[in-house]
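Engineer: What follows is a predicted protein model with its sequence.
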Amino acid sequence: MSVERKLLEAALGYEFRNPELLLRALTHKSHAHEKPAAENAPSEDNEQLEFLGDSILGFLISEFLIERHPNLAEGRLSKLKARLVSAAHLHSVALRLELGRFLLLGKGEQMSGGREKPALLADAVEALIAAIYLDGGIEAAREFVRRHVAVDLEAILPLVDYKSALQEFAQARGLPTPRYVLIQERGPEHAKSFTVEVRVGDLWSAQAEDHSKKTAGQQAARLLLDQLTSQNSQ
C-alpha cells in the first residue's frame, strides 16, 4: 500500500511517521473481522479512532469558530459547529479526498457499495483526525481540520444572524440600538440591487449592497460589527 499511502498522504497534506496508524484509520470493522485475531489482541479496525476523532474534531471546530466569530452568541456558534461536524459535511470532505478508494473493507461491505456509503466515509474522516493527532499531535490535527473540514463556510454562514449579533453587542456596551435604512435601489425590476445602511448612534455606520435587501442588511451589520469589535479591542 506504499504507493497508495503516498497518494493519500499528499491529498491529506500530512505524512505519517507511523504508517500503522493510517492503516488502522482506513480499516473498517468488516475487514478486521475477516482476519483471525489473537485472544485479547487490541482492535485493528477504526472504531476507537473514530470515537477519539469525534471529540478532537468537536474541540478544534469550536476553537476555530470562536476565533473566526468572537461576537456570536452560543446558540449560533452551536448551529455552525453542528453543520461543520455533521455526517453530511464530513461525507463531502471524504469525497474531496477520494477517501473511499483507500478504505480496507470486508468482501461483503465492498460488494454492498461500502466505498460510497456516506456514514462509513464520515466515520473514516473522524478516524483519520484521531490518527493524525496520535501521530503528530494537536497542531497536526488542527492543520488538517482547518484545511479540509473548516471549509465551505459561505454555504454555512447564512446561519449567522449578524443583525442579532450587532444588536447584542450594542446592548452589552450601552450603545444605541442599530437603525437600518434603505439608501438606494437601482437596476431593472428583474435584477434590482439594494444598498442598506446601518447606524449605531451618530458615530458608527456601514453600508452594503446586494440583490436582496435582507442580505444587504446582514452584510452591513457584519461590516459594522467588525468596526466596533476592532475599536473595542484597541
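Structural biologist: Arrived safely. Residues are numbered from 1 along each chain as shown.
Engineer: Could I get the contacting residues of the residue nearest to residue 28 when sequence neighbours are not counted?
Structural biologist: Distances taken as Cβ to Cβ, 6 or more residues apart in numbering place residue 105 nearest to residue 28, at 5.0 Å, with adjacent residues excluded. For the C-beta atoms, the positions are set from N, CA and C on the backbone; glycine is no exception. Residue 105 is in contact with 28, 30, 31, 114, 115, counting by Cβ atoms under 8 Å, 6 or more residues apart in numbering.
Engineer: And the pLDDT for residue 105?
Structural biologist: pLDDT, residue 105: 85.
Engineer: Show me the strands in the chain, by range?
Structural biologist: 179-186, 193-200, 204-210 (DSSP state E).
Engineer: Let me know which of those is tucked in deepest.
Structural biologist: For those, the largest average neighbour count (mean count of other Cβ atoms under 10 Å) is found in strand 193-200, namely a mean of 20.
Engineer: helices or strands up against that strand?
Structural biologist: With contacts taken as 3 or more Cβ pairs under 8 Å, 6 or more residues apart in numbering; DSSP states H and E, strand 193-200 sits against helix 162-172, strand 179-186, strand 204-210, helix 213-233.
Engineer: which stretch in these has the least confidence?
Structural biologist: Taking the mean pLDDT of those, helix 213-233 comes last: a mean of 84.
Engineer: what inclination does that one have with respect to strand 179-186?
Structural biologist: Inter-element angle recorded for helix 213-233 and strand 179-186: 130 degrees (by axes from the mean of the first three to the mean of the last three Cα atoms, to 10 degrees).
Engineer: Roughly how far does residue 13 sit from residue 216?
Structural biologist: As for residue 13, its distance to residue 216 is 37 Å (criterion: Cβ to Cβ, to the nearest Å).
Engineer: the more surrounded of the two?
Structural biologist: residue 216 (24 against 13; other Cβ atoms under 10 Å).
Engineer: thought the more buried one was touching residue 195?
Structural biologist: Yes: using Cβ atoms under 8 Å, residue 216 is in contact with residue 195, at 6.6 Å.
Engineer: Which neighbours do the two have in common?
Structural biologist: With Cβ under 8 Å, 6+ apart, residue 216 and residue 195 have common neighbours 208, 209.
Engineer: so what's the closest residue in space to residue 109 that isn't next to it in sequence scoring on pLDDT?
Structural biologist: Closest residue in space to residue 109, ignoring its immediate chain neighbours: residue 30 at 3.9 Å, by Cβ to Cβ, 6+ apart. In this model, residue 30 is scored at 81, pLDDT.
Engineer: and residue 30, what is it in contact with?
Structural biologist: Applying Cβ under 8 Å, 6+ apart, the residues near residue 30 are 105, 106, 108, 109, 114.
Engineer: try 6 Å this time
Structural biologist: 105, 106, 109 (Cβ atoms under 6 Å, 6 or more residues apart in numbering).
Engineer: And residue 66, how far from residue 110?
Structural biologist: Separation of residue 66 from residue 110 (Cβ to Cβ) stands at 41 Å.
Engineer: Same check on residue 146?
Structural biologist: Residue 146 is 32 Å from residue 110, by Cβ to Cβ.
Engineer: now swap in residue 15 and tell me
Structural biologist: Taking Cβ to Cβ, one finds residue 15 at 27 Å from residue 110.
Engineer: so where's this structure uncertain?
Structural biologist: Applying pLDDT under 70 to the chain flags the ranges 1, 32-43, 152-160, 190, 232-234.
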